[in-house]
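Enquirer: after the sequence you'll find the predicted model.
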Amino acid sequence: MKSYAQINLNNLANNTKAIKDWVNDSEIMAIVKADAYGHGALQCSKTVIENGASSLGVATINEAMELREAGIKAPILILTHILAEDYEKAIDNDIAITVSRFEQGIEIQQASIKLKKPAKIQVKVNSGLNRNGFRPDEDTAREIIMLGTAKNIIVEGIYSHLSDVRDKDFVINQQKRFEFITMNAEHYFSFKKHISASSAILEYPELNYDIVRPGLILYGINPTDTNIKLLNLKPVMSLYSEISHIHKVPAGESIGYERSFFTNRDTMAAIVPIGYADGYPSTLSNNARVTINDKSCMVLGKVCMDQIIIDVTDVFEEKNESWKKAEVTLIGGEGKGKIKIEELANNSSLGIRELLCLRSSKRVPRIFVNS
């Protein structure tokens with residue numbers, strides 16, 4: 001058995017449909033960057049497209065090309081900056097490029113003229129996140145209009161990112177900045193606009209516009225910056241392992257590197273073959289639990305590169321060898337043995353997105369199920 005991640009594509013389909021019902025006429029751009037947050041980009045892309053998503057969002061040209069080469073024909077947007085040397089590859093494969101400055105748009109136009117094929121772009125507006133994009137003023141509005149009416153350029157969309165959905169006043173401020181650009185551009189060319197990711201989809205339905213960009217909620221996770229649970233979301237990923245060894249540690253002895261844990265009783269310690277190289281973060285040292293047979297077992301000592309040590313004193317007796325067939329749940333599961341990824345994110349002091357991306361380790365195989 002060893003360690004494996006179970007990806008429930010039926011739950012992913014359920015979540016996609018639930019989001020589609022919630023956003024009504026808005027299209028879904030499913031965010032599948034970082035290998036679909038560690039869930040498997042190819043399989044997840046196929047599932048979301050089959051269940052209501054119209055396009056896909058990735059972070060790099062390599063992520064986009066992996067999907068194209070695997071036969072994914074749906075529209076794809078690269079959400080971050082790509083190098084000029086990759087413009088022709090993107091154009092040739094009908095991959096939309098994010099444009100954050102006018103000069104970049106001209107470079108893309110030149111590449112499209114060389115290929116004798118129109119370039120698909122989406123214009124990024126810096127409405128307040130201050131990461132990248134056109135600042136919303138009259139000069140940049142004119143530049144965007146020039147791009148939207150330029151030869152060999154197809155502006156498929158204009159979009160932005162909200163920086164903090166908890167700050168309603170700042171959200172409204174970002175909305176005004178964004179709409180200053182879109183309202184000017186609408187007089188000159190057609191495009192689709194979008195600003196809402198997972199949290200905003202739930203909190204500000206009036207901002208869902210033409211497209212929404214769900215990430216976390218696609219994978220059945222309620223964002224930490226919203227308390228609204230309007231959708232019947234189902235977790236997509238579960239993480240399981242097994243016990244490779246078990247032994248008794250007398251009371252008063254230390255366990256693990258740097259001796260960060262001391263037993264206060266005779267303890268049955270079990271070794272689980274998963275560690276930080278597999279995406280189980282070291283910040284969970286002495287601060288996490290797994291479940292076996294619906295019972296919680298605490299992680300003892302430091303998380304190692306390839307293993308963790310857990311306390312199974314209340315689950316197995318010393319001479320009981322049933323541990324050899326036991327399944328260890330680290331994320332997901334059902335009933336009393338369920339462990340939400342939100343719990344691990346809180347215990348590890350990592351954001352949920354960061355924890356999910358750690359789970360993209362290739363050492364842990366994924367098993368895709370439809371039940």
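Expert: Arrived safely. Numbers count the residues shown, from 1 in each chain.
Enquirer: in contact with S241, which residues?
Expert: Neighbouring residues of S241 by C-beta atoms under 8 Å, 6 or more residues apart in numbering: M1, K2, S3, Y4, V272, P273, I274, E327, V328, L330. C-beta here means a position set from N, CA and C on the backbone, and glycine is covered the same way.
Enquirer: could you dump those residues to CSV with secondary structure, pLDDT and neighbour count?
Expert: As requested, the contacts of S241 are exported to CSV (DSSP: H, G, I helix; E, B strand; the rest coil; pLDDT from 0 to 100; neighbours: other C-beta atoms under 10 Å):
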residue, secondary structure, pLDDT, neighbour count
M1, coil, 61, 12
K2, coil, 87, 13
S3, coil, 92, 22
Y4, strand, 93, 16
V272, strand, 97, 24
P273, coil, 96, 18
I274, coil, 95, 28
E327, coil, 95, 14
V328, strand, 97, 26
L330, strand, 95, 27
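Enquirer: from those residues, which is closest to S254?
Expert: Proximity of the contacts of S241 to S254 (C-beta to C-beta) peaks at V272, which lies at 18.8 Å.
Enquirer: does that closest one touch I310 like I think?
Expert: Yes - counting by C-beta atoms under 8 Å, V272 touches I310, with 5.9 Å between them.
Enquirer: what residues are shared contacts of those two?
Expert: V290, V328.
Enquirer: returning to that earlier point: tell me the one of the contacts of S241 nearest N208?
Expert: Closest to N208, out of all of the contacts of S241 and judged by C-beta to C-beta, is L330, at 34.9 Å.
Enquirer: count the neighbours of the residue nearest to that closest one when sequence neighbours are not counted for me.
Expert: Of all residues not flanking L330 in the chain, L239 sits nearest, at 4.4 Å (C-beta to C-beta, 6 or more residues apart in numbering). Other residues lying near L239 total 25 when counted by other C-beta atoms under 10 Å.
Enquirer: same check, this time on the one 5 residues further on
Expert: Using other C-beta under 10 Å, S244 is surrounded by 14 other residues.
Enquirer: cool, M305 as well?
Expert: Counted with other C-beta under 10 Å, the neighbours of M305 add up to 9.
Enquirer: quick check: it touching G275?
Expert: Yes - between M305 and G275 there is a contact at 4.8 Å, judged by C-beta under 8 Å.
Enquirer: what is the helix ranked longest in the chain packed up against?
Expert: In the chain, assigned by DSSP state H, the helix with the most residues is helix 168-185. Packed against helix 168-185, as judged by 3 or more C-beta pairs under 8 Å, 6 or more residues apart in numbering; DSSP states H and E, are the following elements: helix 138-148, strand 153-159.
Enquirer: got the contact list for the last one?
Expert: Residues external to strand 153-159 that are found in contact with it (C-beta under 8 Å, 6+ apart): 75, 77, 96, 105, 108-109, 112, 118-125, 144, 147-148, 181-182, 185, 189, 191-195, 210-211, 213.
Enquirer: now the element after the lowest-mean-pLDDT helix or strand in the chain, going C-ward?
Expert: In the chain, no helix or strand scores lower on mean pLDDT, DSSP states H and E than helix 352-358, which sits at a mean of 81. Remark: after helix 352-358, the chain's next helix or strand is strand 366-369, criterion DSSP states H and E.
Enquirer: partners of that following strand in the sheet?
Expert: Here strand 366-369 is paired, per DSSP bridges, with strand 4-8 (parallel).
Enquirer: mind saving the C-alpha coords of the strand it pairs with as CSV?
Expert: The C-alpha coordinates for strand 4-8 follow below in CSV (Å, rounded to 0.1, in the frame of the first residue of the first chain):
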residue,chain,number,x,y,z
TYR,A,4,-0.8,7.5,-1.8
ALA,A,5,-3.1,10.4,-2.5
GLN,A,6,-6.6,9.6,-3.5
ILE,A,7,-8.2,12.1,-5.8
ASN,A,8,-12.0,11.9,-6.0
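Enquirer: distance between it and the chain's centre?
Expert: 15 Å (C-alpha atoms, centre = their mean, to the nearest Å).
Enquirer: any idea of the angle whichever helix or strand comes after it forms with strand 4-8?
Expert: The element immediately downstream of strand 4-8 (helix or strand, assigned by DSSP H and E) is helix 9-23. Relative orientation of helix 9-23 versus strand 4-8 (axes from the mean of the first three to the mean of the last three C-alpha atoms, to 10 degrees): 40 degrees.
Enquirer: now do helix 9-23: which elements does it pack against?
Expert: In terms of contacts (3+ C-beta pairs under 8 Å, 6+ apart), helix 9-23 is packed against strand 27-31, helix 41-50, helix 198-203, strand 366-369.
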